[in-house]
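Enquirer: how would this look folded up:
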Amino acid sequence: MQLLKSLFAVGALGIFALLPLSLAQRLGRMIGRRFIANSQGDMNRITRQNISLCYPQLSDAQQKALINESLLHTGMSITEAGMSWLWKPERTLKKVRNVHNESILTEAIAHGKGVIILAPHLGNWEVLNLYVSNKCPVTVMYRPPKLKMMDDLIKKMRARLGTNLAPADLSGVRKVIKALKKKEAVGILPDQEPAKGSGEFAPFFGVQAYTMKLFTQLVKQTKTTVVCGYALRLEGTDQFDIYFKAVHPDIYSDEPLTALSGLNASVEQCVAHAPAQYQWEYKRFNTRPAGESKIYAKQD
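Expert: Reported below is the predicted structural model:
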């Protein structure tokens with residue numbers, strides 16, 4: 001079964017890559033409409049639960065509009081993968097229209113201690129990775145996917161783009177520290193749940209979220225500058241704008257919980273730019289503090 005899933009995923013990537021991006025995105029929106037129609041499906045259900053938790057101030061109608069738009073972007077994230085992984089880099093980079101606040105990145109690099117780029121699951125993070133990889137060497141920390149064939153493909157494509165991979169474990173930490181000492185860039189996806197025992201709870205949109213301790217320990221040890229980056233889809237086009245932002249200052253705190261809260265606050269600031277383009281279908285609140293019930297349990 002795993003082999004069949006891998007073959008299907010790789011085959012779908014190849015098909016998406018053959019399409020013009022505008023057509024691939026149109027197909028993605030069609031997939032998104034299927035997610036919207038299937039109200040009991042995991043994509044719809046988890047997106048709905050997350051938005052309800054994180055935006056309680058919105059009316060039911062406003063939440064529904066955000067949920068639907070988010071699911072359309074989820075569909076486009078799927079079909080854009082062909083471009084992200086299989087197109088030639090120069091062809092993909094032609095889809096970048098503007099880069100905003102790039103000086104935040106260049107000044108961080110100029111400090112001479114390397115730079116950590118926080119790349120939330122917002123818009124198309126692979127476009128951001130490709131852009132930065134074209135500017136300087138990048139090592140990306142990642143959690144290998146369950147499908148081995150997909151993991152092999154990711155490694156192959158990252159190598160083709162000049163990106164180094166570091167697993168989110170002690171061996172990966174050593175690799176990341178080595179990259180920072182060489183004054184290179186390190187990319188971290190800050191909004192993934194860490195493995196059991198590797199995180200602490202900190203607020204994310206007012207909800208306790210299990211958050212990686214590894215990141216704050218890395219910043220404290222290396223004294224590296226941290227910036228945020230993301231690539232957003234431009235409505236009505238097949239292009240992207242890339243943005244760099246300063247992080248919340250609490251990230252640099254010596255107090256662990258304050259630093260973790262600063263990490264999540266930095267992600268919140270990015271998401272606020274385009275909430276519909278955030279990965280709300282991810283189970284960000286899956287791990288709960290002791291005594292709390294599961295958030296994503298299916299209702300009978």
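Enquirer: Which stretches in the stretch 51-200 of the chain count as strands?
Expert: 96-100, 115-118, 138-142, 163-167, 185-188, 199-204 (DSSP state E, counting those that start in this stretch).
Enquirer: Comparing those strands, which yields the minimum mean pLDDT?
Expert: For the strands of the stretch 51-200 of the chain, mean pLDDT drops lowest on strand 163-167, to a mean of 82.
Enquirer: hang on, the earlier thing: possible to save the strands of the stretch 51-200 of the chain as a markdown table with mean neighbour count?
Expert: Heads up, the C-betas are built off the backbone N, CA and C, glycines and all. Putting the strands of the stretch 51-200 of the chain into a markdown table (neighbours: other C-beta atoms under 10 Å) gives the following:
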| stretch | mean neighbour count |
| --- | --- |
| strand 96-100 | 13 |
| strand 115-118 | 25 |
| strand 138-142 | 23 |
| strand 163-167 | 18 |
| strand 185-188 | 25 |
| strand 199-204 | 19 |
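Enquirer: Between these, which one is closest to residue 232.
Expert: Smallest distance to residue 232 across the strands of the stretch 51-200 of the chain (C-beta to C-beta): 9.7 Å, for strand 96-100.
Enquirer: ok, the closest one: who's next to it in the sheet?
Expert: Here strand 96-100 is paired, per DSSP bridges, with strand 240-246 (parallel).
Enquirer: Just the residues contacting the partner strand, thanks.
Expert: For strand 240-246, the external contacting residues (C-beta atoms under 8 Å, 6 or more residues apart in numbering) are 95-102, 104-105, 123-124, 127-128, 131, 227-234, 266, 269-270, 273.
Enquirer: Now, of those, which are buried?
Expert: Neighbour-count burial (16 or more other C-beta atoms under 10 Å) is assigned, among the contacts of strand 240-246, to 95-96, 99, 104-105, 123-124, 127-128, 131, 227-233, 266, 270.
Enquirer: Show the contacting residues for residue 85.
Expert: Here residue 85 is in contact with 13, 17, 126, 153, 154, 157 (C-beta under 8 Å, 6+ apart).
Enquirer: Would you tell me which of the strands of the stretch 51-200 of the chain gets closest to residue 59?
Expert: For residue 59, the closest of those is strand 199-204, at 22.2 Å, according to C-beta to C-beta.
Enquirer: Output the contacting helices and strands for the closest one.
Expert: strand 207-212, helix 256-271 (3 or more C-beta pairs under 8 Å, 6 or more residues apart in numbering; DSSP states H and E).
Enquirer: got the angle between that strand and helix 256-271?
Expert: Angle, strand 199-204 to helix 256-271, by axes from the mean of the first three to the mean of the last three C-alpha atoms, to 10 degrees: 50 degrees.
Enquirer: export strand 199-204 as PDB, just CAs?
Expert: Output of strand 199-204 as PDB, limited to C-alpha atoms (Å, rounded to 0.1, in the frame of the first residue of the first chain):
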ATOM      1  CA  GLY A 199       9.100  20.600  22.700                       C
ATOM      2  CA  GLU A 200       7.300  22.700  25.300                       C
ATOM      3  CA  PHE A 201       3.900  24.400  25.200                       C
ATOM      4  CA  ALA A 202       3.700  28.000  24.200                       C
ATOM      5  CA  PRO A 203       0.700  30.100  23.000                       C
ATOM      6  CA  PHE A 204      -0.100  30.200  19.300                       C
END
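Enquirer: Tell me which residues are up against that strand.
Expert: With C-beta under 8 Å, 6+ apart as the test, strand 199-204 has contacts from 54, 191, 193, 208-213, 256-257, 260-261, 263-264, 267-268, 284-285, 287, 289.
Enquirer: again with stretch 151-170
Expert: Stretch 151-170 is contacted by residues 10, 13, 85-86, 89, 129-130, 133, 137-145, 172-173, 175-176, 179, 186-187, 194-195, 198, 212, 214 when judged by C-beta under 8 Å, 6+ apart.
Enquirer: same thing but at 6 Å, please
Expert: For stretch 151-170, contacts defined as C-beta atoms under 6 Å, 6 or more residues apart in numbering pick out 85, 89, 130, 133, 138-145, 172, 175-176.
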